[in-house]
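*Asks:* Pasted the sequence and its predicted model underneath.
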Amino acid sequence: MKMTLHIDDGLLERVMDATGASSKTMAVDLALREMDRKAKLVKLCAEGLGLGPEELKDAVDPAYDLGELRRRETPVRYGRKSRSR
């Protein structure tokens, strides 16, 4: 979907630097996916999962690399569709 947005230039640049995004579109896509992930996590945490604090702490492998998991996500491809003539 194509749209016009007013985004703080400094913020967008910091997001691109932090994520390694090669385009503004990629940076916005990554930021939206991260916010969606965090919202889902907040919802799960609010529900409690029926686990106590120690059980939750033990449920996550200390070697877990969330950054690597995100790098493996299939990127969304944006661009123009070819026009049939």
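*Replies:* Arrived safely, thanks for sending. Numbers count the residues shown, from 1 in each chain.

*Asks:* For the most centrally placed residue in the chain, pull up the helix or strand it's in.
*Replies:* What sits nearest the mean C-alpha location of the chain, by CA atoms, centre = their mean, is Glu34, with 2.6 Å. Following DSSP states H and E, the helix or strand that holds Glu34 is helix 24-47.

*Asks:* Pull the next helix or strand after that helix out as PDB, backbone CA atoms only.
*Replies:* For helix 24-47, the succeeding helix or strand toward the C-terminus, using DSSP H and E, is helix 53-58. C-alpha atoms of helix 53-58 as PDB (Å, rounded to 0.1, in the frame of the first residue of the first chain):
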ATOM      1  CA  PRO A  53       8.000 -15.200  37.800                       C
ATOM      2  CA  GLU A  54      10.600 -17.900  38.200                       C
ATOM      3  CA  GLU A  55       8.900 -20.200  35.700                       C
ATOM      4  CA  LEU A  56       8.800 -17.400  33.200                       C
ATOM      5  CA  LYS A  57      12.500 -16.600  33.700                       C
ATOM      6  CA  ASP A  58      13.400 -20.300  33.300                       C
END
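
*Asks:* I'd like the numbering to begin with 49 instead of 1 from here.
*Replies:* Yep, numbering from 49; the last one is helix 101-106 now.

*Asks:* so how far is helix 101-106 off the chain centroid?
*Replies:* Helix 101-106 sits 25 Å away from the centroid of its parent chain (CA atoms, centre = their mean, to the nearest Å).

*Asks:* One more: stretch 72-85?
*Replies:* Worked out by CA atoms, centre = their mean, stretch 72-85 lies 5 Å from the chain centre.

*Asks:* buried residues in that stretch?
*Replies:* By neighbour count on 16 or more other CB atoms under 10 Å, the buried set for stretch 72-85 is Met74, Ala75, Val76, Asp77, Leu78, Ala79. C-beta: built from backbone N, CA, C; applies to glycine.

*Asks:* who touches the residue nearest to the centre of the chain in this structure?
*Replies:* Shown in contact with Glu82 (CB atoms under 8 Å, 6 or more residues apart in numbering): no residues.
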